[in-house]
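1. how would this look folded up:
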Amino acid sequence: MQKKSKALLGLASAFVMSSALPNLAKADQLTLCWAAWDPANALVELSKDFTAKTGTEMKFEFVPWTSYADRFLNELNSHGKLCDLIIGDSQWIGGSAENGHYVKLNDFFDKEGIKMDDFVPATVVGYSEWPKNTPNYWALPAMGDVVGWTYRKDWFERPELQKEFKEKYGRELAAPKTYDELKEIAEFFQKREIDGKTVYGASIYTERGSEGITMGVTNVLYDWGFQYDNPDKPYEMEGFVNSPDAVKGLEFYKALYDCCTPPGSSNVYMVESADAFKSGQVAMQMNFAFTWPGLYKDEKVGGDKIGFFPNPAEKKHFAQLGGQGISVVSYSDKKDAALQYIKWFAQPDVQAKWWQLGGYSCLKSVVNAPDFASSQPYAQAFLDSMAIVKDFWAEPSYATLLQDMQKLVHNYVVAGNGTAQEALDGLVKDWTEVFEDDGKI
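-> You can find the predicted model right below:
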C-alpha cells in the first residue's frame with residue numbers, strides 16, 4: 001500500500017522438483033514486478049529453479065516500498081506491458097479485479113488442480129479473493145506477512161531487571177500477553193540506562209505519508225473492539241468505527257506513543273522501527289514479520305539477544321495482515337507462460353524451499369509441517385500471528401480510505417490535535433462520503 005489518489009485506481013536443503021511441468025507455454029523471458037526488499041532477493045534465488053526447468057529467463061522489476069504502489073498502480077492503470085506477473089499488495093485486489101488488471105484464476109486453478117483449501121484461509125481471503133469471502137480468485141497467496149513484535153530478550157533476562165520489575169508489577173518480566181502488560185514493560189524501560197546508554201520502551205508505527213500509522217494503530221484498535229462496519233449491514237460504520245471501545249483503543253495508542261517511544265519517533269515505519277531496534281535504542285519494536293530473519297541474523301541484537309512475540313491481546317485478539325498474492329497481469333502478451341510460473345510456484349516442494357530461503361509460505365503443507373515451528377526461532381510467532389490476522393479495506397477506493405485514516409489518526413496521535421472521539425467521528429464522515437461516491441451507500 002502507498003498513498004495514491006482515487007483517480008489512479010479505476011523444507012529440504014536440497015531441492016528436487018516433484019515432477020516436470022508438462023505442456024509448458026514457452027516464453028523467452030517473463031518480468032515479475034514487486035517491492036525491493038529481502039524476500040524479493042529470496043525469490044530471485046528461488047526462480048533460478050524455474051528457469052532451469054523451463055528455459056524461461058526471469059527478469060525482475062523491484063522498486064522501493066516508498067514508490068511501490070505509485071509505480072505499479074500507474075503501470076496497471078495505464079494498461080502497461082512491463083509486468084507479466086505482479087506481487088501486488090492485499091489492498092489492490094478489489095480495484096485490480098473490478099478494473100480488469102488481473103487475470104481471474106479460477107479456471108486455471110481448476111484445470112491444474114491448484115486448490116485454495118491447501119493455503120492458510122486468512123491468506124486466501126486477504127490476498128486472493130474479490131469480493132471477499134467468495135470463491136473468486138485473482139492471485140495465489142505468495143508472501144505471508146503480519147505485524148508482530150521483537151524484544152531484547154537479553155535485557156529481559158537480566159536478574160537485576162527481573163527482580164526490580166517483579167517488585168514493581170508483581171509478575172515476571174517476560175514477553176507481554178496483553179497491551180496493558182506491554183505498556184508497563186515499555187514504561188519500565190523508558191529512559192533507563194543499560195550498558196551506559198539511555199534506552200527507550202518501544203518503537204511503534206507513526207508514519208504519515210503512506211500507510212505506516214494505519215498499519216500500526218489498527219493492531220490496537222482491533223484488540224479494543226474497532227470494526228470497519230456493521231457485520232450485518234455492510235458500510236454502516238456509525239457506532240463501529242467510532243465505538244466507545246474503539247475510542248479507548250486510539251487513546252491507548254497515543255498514550256503509548258507519548259510515554260514510551262524514543263525522541264524523534266513522529267514518522268516511523270518499517271525501516272525506522274527496525275533501525276531503532278538494531279541500534280539498541282528500544283526494548284521492543286513493532287514490525288512486519290518479514291523483518292525477523294534479518295534481525296535474527298544481526299550481529300549486535302540478533303541470535304540469543306532477540307525474542308519474538310505475536311501482537312498482544314486486550315478485549316479481542318487480532319493482528320494487522322500484511323503480505324501479498326502473485327497475479328498474472330491481464331495486459332501481458334505472455335499470460336500463458338506467466339500462468340505456468342504460478343503453477344510452478346504453487347508446488348509444495350517449491351513452497352518449502354521458499355520458506356527455507358527467507359520467504360513466508362502460505363501453503364498449509366509447509367506451515368503445518370511437524371518441524372515448522374522449530375525450523376526458525378521466529379516460526380512459532382509467525383504461526384501464532386497468522387492465526388489472528390485482520391486486514392484493512394480492500395475496496396477499489398482503498399487508497400482514499402487509507403489517506404483519510406492516515407491524516408486523522410496522525411493528527412491526533414502524533415500532532416496532538418483534538419480527541420480520539422473527534423478523530424474517529426471524522427473517519428466515519430470521510431469514509432461515508434467515499435462509499436456514497438462509489439454508490440455503495
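2. buried stuff in the lowest-mean-pLDDT helix or strand in the chain?
-> Counting by mean pLDDT, DSSP states H and E, the chain has its least confident helix or strand at helix 65-77, which shows a mean of 93. Neighbour-count burial for helix 65-77, counted by 16 or more other CB atoms under 10 Å, picks out Trp65, Thr66, Tyr68, Ala69, Asp70, Arg71, Phe72, Leu73, Glu75, Leu76, Asn77. Every C-beta, even on glycine, is put in place using the N, C-alpha and C of the backbone.
3. the second one against Glu207, yeah?
-> Read it as Thr66. No. Using CB atoms under 8 Å, Thr66 is not in contact with Glu207, being 10.1 Å away.
4. pLDDT below threshold where in the protein?
-> 1-26 (pLDDT under 70).
5. now do the strands in the stretch 101-250 of the chain.
-> Using DSSP state E, counting those that start in this stretch, the strands of the stretch 101-250 of the chain run over 140-152, 192-194, 197-203.
6. which of the ones you listed sits closest to Ala352?
-> strand 140-152 (13.9 Å; CB to CB).
7. just the CA coordinates for that closest one, please, in CSV.
-> C-alpha atoms of strand 140-152 as CSV (Å, rounded to 0.1, in the frame of the first residue of the first chain):
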residue,chain,number,x,y,z
LEU,A,140,-2.2,-17.1,-5.5
PRO,A,141,-1.1,-16.4,-1.9
ALA,A,142,2.6,-15.6,-2.2
MET,A,143,4.1,-13.9,0.8
GLY,A,144,2.5,-14.2,4.2
ASP,A,145,3.2,-11.3,6.5
VAL,A,146,1.7,-9.8,9.6
VAL,A,147,2.6,-7.3,12.3
GLY,A,148,4.3,-8.7,15.3
TRP,A,149,6.9,-7.7,17.8
THR,A,150,10.6,-8.3,18.7
TYR,A,151,12.1,-7.7,22.1
ARG,A,152,15.5,-7.6,23.7
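8. what is that strand packed up against?
-> In terms of contacts (3 or more CB pairs under 8 Å, 6 or more residues apart in numbering; DSSP states H and E), strand 140-152 is packed against helix 121-127, helix 212-224, strand 282-288, helix 292-297, strand 306-310, strand 319-328, helix 335-345, helix 379-386.
9. relative to Asp89, which of these is closest?
-> strand 319-328 (5.5 Å).
10. format the buried residues of helix 65-77 as CSV; extra columns: distance to Phe290.
-> Converted to CSV, the buried residues of helix 65-77 look like this (distance: CB to CB, whole Å):
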residue, distance to Phe290
Trp65, 11
Thr66, 16
Tyr68, 13
Ala69, 17
Asp70, 21
Arg71, 19
Phe72, 18
Leu73, 21
Glu75, 23
Leu76, 23
Asn77, 27
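11. which one of these is nearest to Leu339?
-> Leu76 (17.9 Å).
12. quick one: the residue nearest the centre of the chain from Gly359, how far?
-> Geometric centre of the chain, nearest residue: Gly322, 1.6 Å, by CA atoms, centre = their mean. Relative to Gly359, Gly322 is positioned 13 Å away (CB to CB, to the nearest Å).
13. same question, Ala319
-> Where Gly359 is concerned, Ala319 sits at a distance of 19 Å (CB to CB).
14. relative to helix 65-77, how tilted is the helix or strand that contains Asp404?
-> Using DSSP states H and E, Asp404 sits in helix 398-413. Orientation check (axes from the mean of the first three to the mean of the last three CA atoms, to 10 degrees): helix 398-413 against helix 65-77 gives 150 degrees.
15. what helices and strands are in contact with helix 398-413?
-> By 3+ CB pairs under 8 Å, 6+ apart, helix 398-413 packs against helix 212-224, helix 244-260, helix 420-437.
16. residues of that helix that come out buried?
-> For helix 398-413, by 16+ other CB under 10 Å, it's 398-413.
17. list the residues that contact the residue nearest to the centre of the chain.
-> Ser90, Asp145, Val146, Val147, Met215, Phe288, Ala289, Phe290 (CB atoms under 8 Å, 6 or more residues apart in numbering).
18. and for Ala27?
-> Ala27 neighbours (CB under 8 Å, 6+ apart): Thr56, Asp84, Lys334, Asp336, Ala337, Ala338.
19. among those residues, which pair sits farthest apart?
-> Longest span within the contacts of Ala27, CB to CB: Thr56 and Asp336, 11.2 Å.
20. more neighbours: which of these two?
-> Neighbours were counted for Thr56 and for Asp336 using other CB atoms under 10 Å; Thr56 has more, 21 against 15.
21. the nearest residue to the more buried one once chain neighbours are set aside sits in which helix or strand?
-> Of all residues not flanking Thr56 in the chain, Ala27 sits nearest, at 5.2 Å (CB to CB, 6 or more residues apart in numbering). According to DSSP H and E, Ala27 maps onto no helix or strand at all.
22. what about Gly55, neighbour count?
-> Count around Gly55 with other CB under 10 Å applied: 11.
23. ugh, typo on my part, it should be Ala373
-> Using other CB under 10 Å: Ala373 sits among 15 other residues.
24. how about Gly113?
-> Gly113 has 9 nearby residues by other CB under 10 Å.
25. could you measure from it over to Gln347?
-> Note on Gly113: its distance to Gln347, by CB to CB, is 11 Å.
26. give the buried residues for stretch 94-109.
-> Buried residues in stretch 94-109, counted by 16+ other CB under 10 Å: Gly94, Gly95, Ser96, Ala97, His101, Tyr102, Val103, Lys104, Leu105, Phe108, Phe109.
27. out of these, who's nearest Gly249?
-> Among the buried residues of stretch 94-109, and counting by CB to CB, the member closest to Gly249 is Gly94, at 25.5 Å.
28. other residues contacting the helix or strand containing the closest one?
-> Element membership for Gly94 (DSSP H and E) is helix 93-98. For helix 93-98, contacts defined as CB under 8 Å, 6+ apart pick out 9-10, 76, 88, 101-102, 104, 127-131, 136, 138-139, 325, 327, 394-398.
29. go again with 10 Å.
-> 4, 6, 8-10, 73, 76-77, 86, 88-89, 101-102, 104, 125-132, 136-139, 324-325, 327, 329-330, 391, 393-399 (CB atoms under 10 Å, 6 or more residues apart in numbering).
30. ok so, going back, any residues in contact with both of Thr66 and Glu207?
-> With CB under 10 Å, 6+ apart as the test, Thr66 and Glu207 both reach Tyr269, Val271.
31. rewinding a little: shared neighbours of Gly322 and Gly359, anything?
-> Met143, Gly144, Phe290.
32. so which of those is surrounded by the most neighbours?
-> Gly144 (30 neighbours).
33. which residues are in contact with that one?
-> 119-120, 122-123, 126-127, 289-290, 321-324, 355, 359-363, 366-367, 382-383, 385-386, 389.
34. contacting residues for the closest residue to it other than its chain neighbours?
-> Nearest-residue entry for Gly144: Tyr360, 4.1 Å, with adjacent residues in sequence omitted and distances by CB to CB, 6+ apart. Tyr360 sits next to 39, 42, 123, 141-146, 288-290, 292-293, 322-323, 354, 366-367, 379, 382, 386 when contact means CB under 10 Å, 6+ apart.
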